[in-house]
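Colleague: Provided below are the primary sequence and the corresponding predicted coordinates.
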Amino acid sequence: MTGARDLALVIGSGLEALGLEIVARSSTHTPYGPPSSALLTAKIGASRVLCLPRHGEAHTIAPHEINYRANLWALWQHGVRRCIGVNVVGAIAADLAPGDLAVPDQLIDYTWGRPGTFGGADGRVVHVDFAEPFDAELRRALAAAARAAGARVVEDGTYGVTQGPRLETAAEIDRLERDGCAMVGMTALPEAALARELGMRYAICALAVNHAAGRIPASATIHGEIERHLGEGMRRMRGVLERLVEALRA
Ligand code: HPA
């Protein structure tokens, strides 16, 4: 396989609009059960890259139902050591608008009840260093790829991870804003923490598809904004990923 063999993309909503050309599928099982789908090999630019749709190929798995441990374990078993999460988010910060990309540098966890560690079963508790949850080099590469693709990109910001699947109340978003969150999504955790436990380098490229609850312009609706920005944004994301994969091949 040409390209970065140790690289994988874990892709969320908007998978179809990315228009990936799947050239191979590999079904796999893990000690944690099945991952969200077979591991897909997709052609991205001149490279072939392992991709895993975290909601399943038909988008049937809700954020709180995703088997994050199986997903990360399956990728690790396949030799993945660098992982990019492709996520959609709601925009909270004033400098982030629907259609923009963001490369977050911090996380706050508002989820509950998600199995979030590989440790524990054999009595060994793991306390990974998670002060900086994302890999700095992958973040730089993502920001550079986004700029090169002509996308508007916010190069940092805190991603607040909510439980879903419902969207937030306006008061919940007010709280996230007070906490310092620039964006809100439902799937960055425990994915990022599990990658860290495995020693996998991990970063996120987030596409803002709506203003978060309570921040929607009077003339719009949250679902209208998502519909408007998801397809177009993901087509732009594809250009970013092509550049990223090319840069990481070296
Ligand atoms: N909230 C949570 N997750 C999301 C949102 C949102 O507004 N938009 C896209 N994913």
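Modeller: Yep, that arrived.
Colleague: Surely Arg139 and Ala203 touch.
Modeller: Yes: with contacts counted by Cβ atoms under 8 Å, Arg139 reaches Ala203, the gap being 4.8 Å. C-betas here are computed from N, CA, C, even on glycine.
Colleague: now the strands for the protein?
Modeller: Listed in chain order, the strands of the chain (DSSP state E) span 7-11, 21-26, 39-44, 47-53, 82-91, 101-102, 106-109, 153-154, 158-161, 181-185, 201-211.
Colleague: Redo these as CSV? Include distance to Thr117.
Modeller: Formatted as CSV, the strands of the chain follow (distance: least, Cβ to Cβ, whole Å):
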stretch, distance to Thr117
strand 7-11, 18
strand 21-26, 26
strand 39-44, 22
strand 47-53, 20
strand 82-91, 17
strand 101-102, 27
strand 106-109, 13
strand 153-154, 30
strand 158-161, 16
strand 181-185, 21
strand 201-211, 15
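Colleague: To the ligand, which of the ones you listed lies closest?
Modeller: Using Cβ to the nearest ligand atom as the measure, strand 82-91 is the one of those that comes nearest the ligand, at 2.3 Å.
Colleague: ok now the helix ranked longest in the chain, how far from the chain's centre?
Modeller: What stands out as the longest helix in the chain, according to DSSP state H, is helix 222-249. Its chain's C-alpha centre and that of helix 222-249 lie 12 Å apart, by Cα atoms, centre = their mean, to the nearest Å.
Colleague: cool, stretch 209-219 as well?
Modeller: Distance, centroid of stretch 209-219 to centroid of chain: 21 Å (Cα atoms, centre = their mean).
Colleague: What's the end-to-end length of it?
Modeller: For stretch 209-219, the separation between the terminal residues is 16 Å (Cα to Cα, to the nearest Å).
Colleague: going forward, begin numbering at 862 instead of 1
Modeller: Let's use 862 as the start, then, which means that last one is stretch 1070-1080.
Colleague: Could you list the buried residues of it?
Modeller: Residues 1070-1074, 1076-1077 are the ones in stretch 1070-1080 that count as buried (16 or more other Cβ atoms under 10 Å).
Colleague: if we can go back for a sec, tell me the angle of the longest helix of the chain relative to strand 1062-1072?
Modeller: Relative orientation of helix 1083-1110 and strand 1062-1072, computed by axes from the mean of the first three to the mean of the last three Cα atoms, to 10 degrees: 150 degrees.
Colleague: how about helix 1083-1110: buried residues?
Modeller: Neighbour counts over helix 1083-1110 (16+ other Cβ under 10 Å) mark 1083, 1086-1087, 1090-1091, 1094-1095, 1097-1107, 1109 as buried.
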